[in-house]
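>>> structural data only, the sequence is not supplied:
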């Protein structure tokens, strides 16, 4: 028996590139064992993975956890959102899963928006305006390009649903992940018959939506994982909702996630409805809401600027009037899909370090703009920003967020927040607690707090001014269209 005070649970993060598993002590939140195994993703026009890889990776990650995994009393799966998993009558994949970052369905997204009431109609029904990442657009693409695959499909699942079903033998999902499909009605909290009929998807093919706190099932006999038959299985959820659980978020506490792309979100008690489509009106895993906005250019874009300048990513100097909008992949917030990077204010005495700081400033300006759209009007603006993701450990990122937000910044020390959130969800089944309260008891958001500094309003105004003046050029894109 591992040296743990209470029962053990397993939390899983099945992401785009790998599956991670944590064995966590329910009493203390201590991670007593962990494991990780990779997936492969196709390159080229599409982004696809064989779901059976996820199962194999889960098995390998659990084997790395050793005996601790065998002692677990409950398990929960957090996973990448939006992916389309199509299964035949035997539960085997009809074809590889279409992942969230497969953008071939962009034409179908535009068509569906037009055909079903425009952005306002979509927001009223589902809480979000679908983009190419949403599952409903991928089903529409599949119906158009691979009708034989659609005819062979007897069950439609999301990535986390697929693994949960292989554990329990029952098709289930949760409201958090279902809210990212485009066919779940936010107000009614049920599948939307009009949307499903329009895209030709029989609701009988969809999993049951399990309520927060409800047991999704128990581990069945026919599996090769180190779980005992009868081990409790929680509903699981999508990765952002799981990370929110992992932080123990209370309503109004803002999160900035610094990764290849940037993400801003906060739990809200109000159902979000942004007709511009900038804010996705996702549900959380508990019964509240998780409005979320993304930027496309974050750590990868800034690192690219550092590489072009042959500088370490921390080699910044005060920007001194130069503005760099690092929209290297277009941008989502602000909505400039055809944009490229733009540099303004270059002088003879401008240094490389100043250019690099300007790239940080441009990326954080976009992120804070996304955050302003996410937060409720009455949210307390003095609450520390929680800074997570790969960039959160970087001093230049920390100081730029601090300077441009004027807010205190907390950097949680806990890692693998998606898997921790899943573990908290599993723990809640055993203790009867709210999973976010479990995470708060585990103190997962603990970490150093950087005191606020005076907000650099001059830099914010300068960047906003350049962005406004250059909008026609940015909207046209670098090909002149």
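The structure has been received and is ready for your questions. Every value quoted in this text rests on a predicted model; they were computed, and no experiment measured them.
>>> only C-alpha atoms from now on, for both contacts and neighbour counts.
Noted.
>>> what segments of the stretch 251-400 of the chain are helices?
Under the criterion DSSP state H, counting those that start in this stretch, the stretch 251-400 of the chain contains helices at 299-308, 352-374, 395-405.
>>> tell me which residues in the last one are buried?
When you say that, I think you mean helix 395-405. By 16 or more other C-alpha atoms under 10 Å, the buried positions in helix 395-405 come out as 396-405.
>>> enumerate every residue touching residue 332.
278, 294-296 (C-alpha atoms under 8 Å, 6 or more residues apart in numbering).
>>> what separation do you get for it and residue 262?
10 Å (C-alpha to C-alpha, to the nearest Å).
>>> repeat that for residue 200.
34 Å.
>>> higher neighbour count, those two?
A count of neighbours by other C-alpha atoms under 10 Å puts residue 262 above the other of residue 200 and residue 262, at 24 against 13.
>>> ok, that one touching residue 295?
Yes: taking C-alpha atoms under 8 Å as the definition, residue 262 is a contact partner of residue 295 at 4.9 Å.
>>> next, show the common contact partners of these two.
residue 367.
>>> need the residue closest to the centroid of this structure.
residue 240 (3.8 Å; C-alpha atoms, centre = their mean).
>>> quick one, phi psi at that residue?
phi -70, psi -40 (degrees, to the nearest 10).
>>> nearest residue to it other than its sequence neighbours?
residue 418 (7.3 Å; C-alpha to C-alpha, 6 or more residues apart in numbering).
>>> how many other residues sit next to that neighbour?
When neighbours are counted by other C-alpha under 10 Å, residue 418 comes out with 31.
>>> how about the contacts made by it?
12-13, 78-79, 239-240, 242-246.
>>> would you check which pair of the residues you listed lies furthest apart?
Farthest pair in the contacts of residue 418 (C-alpha to C-alpha) is 12 and 244. Separation: 14.5 Å.
>>> compare these two (neighbour count), which wins?
residue 12 (31 against 24).
>>> after the host helix or strand of the more buried one, next one along is what?
Using DSSP states H and E, residue 12 maps to strand 8-14. Next along the chain after strand 8-14, taking DSSP H and E as the criterion, comes strand 18-25.
>>> so that next one versus strand 8-14, what angle?
160 degrees (axes from the mean of the first three to the mean of the last three C-alpha atoms, to 10 degrees).
>>> in its sheet, what does the next helix or strand after strand 18-25 sit against?
Where DSSP H and E defines the elements, the next helix or strand beyond strand 18-25 is strand 31-38. According to DSSP bridges, strand 31-38 has the following sheet partners: strand 18-25 (antiparallel).
>>> ok, residues contacting the strand it pairs with?
Residues contacting strand 18-25 (C-alpha under 8 Å, 6+ apart): 4-14, 30-39, 54, 57-58, 61-62, 65, 68-69, 72, 419-420, 423.
>>> I'd like the average pLDDT over it.
Throughout strand 18-25, pLDDT has a mean value of 97.
>>> what separates that strand from the chain centre, distance-wise?
With C-alpha atoms, centre = their mean, to the nearest Å as the basis, strand 18-25 stands 18 Å off its chain's centre.
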